[in-house]
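Asker: Only the shape, not the letters, is given here:
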């Protein structure tokens, strides 16, 4: 059993983790009765937390945005600074904390008072950063997608493919995945009746949330590996598998998730699944790795192309 103070903090954490909570579910999680939940909700309201209640069998509780910032031990200037800092980190300028920043920003903006929102927007709009090497994603797009993933809400957005063609997509979002260079959304495409991986920087404007849905079985247990396969091999017309004579950790430093899937075979070798748009570039790309390898699976013409280039270099050195 929780003490009163500990229970209030736990209740607040649950309300922030999901959009709607039936009172019975909260009572079960906190090991109390529904009447105690009602009293605890009143205590949170007295502290400034805007907890809304919906009566009826399908009713429950929801944490909303209120007229005042709840007591997070932050004054207005600190709250603005945290929101701007999280937006900057979420855009990828601070390596390694992008996903955490998006989750924290979604929680903070949920309860940020209306009077502070223009200040956050003005600071974000007036701040310039030196451009990085990869595409950037607006934090408002990320937070909208993150909220839809959390609340199981359908999304509709315009999407541009690699050739620039734009289509309207209606999806059931599952998870955001960050590869270190780009953001991807794993979602069930309702029009194509299949799972798809979307580059978030190709999504036009902020996606529009729609009806709630019941989550489907994910396309894979390991979503990171699934996304790596989708973005490194599936888009390419020529796909192949190599057995590389080097540890997986060493090869992974040369082959980013967007270029191939690295699977350890043992402590001295690994298997790489990758692809290419044209076979002409493959020999020179593989030569840059600096490791011996054996071709296990290859499209027609790849082995012959490797032999041709190998012979040319052998003749060059006599």
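Answerer: Arrived safely. These figures come from a predicted structure and were not determined experimentally. Residues are numbered from 1 along each chain as shown.
Asker: Need the nearest residue in space to residue 231, chain neighbours excluded.
Answerer: Take residue 231 and drop its neighbours on the chain: the residue closest to it by C-beta to C-beta, 6 or more residues apart in numbering is residue 258, 5.4 Å away. Bear in mind the C-beta positions are built from the backbone N, C-alpha and C, glycine included.
Asker: right, and that neighbour touches residue 179 too?
Answerer: Yes: contact between residue 258 and residue 179 holds when scored by C-beta atoms under 8 Å: they sit 5.8 Å apart.
Asker: Quickly list what's touching both of the two.
Answerer: Taking C-beta atoms under 8 Å, 6 or more residues apart in numbering as the contact rule, residue 258 and residue 179 both touch 228, 231.
Asker: still on that earlier bit, checking the residue nearest to residue 231 next. Helix, strand or coil?
Answerer: The local conformation at residue 258, judged by DSSP: H, G, I helix; E, B strand; the rest coil, is coil.
Asker: Tell me how many other residues surround it.
Answerer: Residue 258 has 16 neighbours, counted by other C-beta atoms under 10 Å.
Asker: and it, what does it touch?
Answerer: 179, 181, 182, 228, 231, 232.
Asker: For these, give me JSON lines that also has pLDDT, neighbour count and secondary structure.
Answerer: Converted to JSON lines, those look like this (pLDDT from 0 to 100; neighbours: other C-beta atoms under 10 Å; DSSP: H, G, I helix; E, B strand; the rest coil):
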{"residue": "179", "pLDDT": "75", "neighbour count": "16", "secondary structure": "coil"}
{"residue": "181", "pLDDT": "69", "neighbour count": "13", "secondary structure": "coil"}
{"residue": "182", "pLDDT": "79", "neighbour count": "19", "secondary structure": "coil"}
{"residue": "228", "pLDDT": "80", "neighbour count": "23", "secondary structure": "helix"}
{"residue": "231", "pLDDT": "80", "neighbour count": "21", "secondary structure": "helix"}
{"residue": "232", "pLDDT": "74", "neighbour count": "23", "secondary structure": "helix"}
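Asker: Nearest to residue 210 among the residues you listed?
Answerer: residue 182 (25.4 Å; C-beta to C-beta).
Asker: pretty sure the closest one is touching residue 201, no?
Answerer: Yes: taking contacts as C-beta under 8 Å, residue 182 lies within contact range of residue 201: 6.6 Å.
Asker: Just the pLDDT for the residue nearest to residue 231.
Answerer: The model reports residue 258 with a pLDDT of 73.
Asker: just the one 3 residues further on next, same as before
Answerer: The model reports residue 261 with a pLDDT of 86.
Asker: element containing it?
Answerer: Element membership of residue 261, judged by DSSP states H and E, is strand 260-266.
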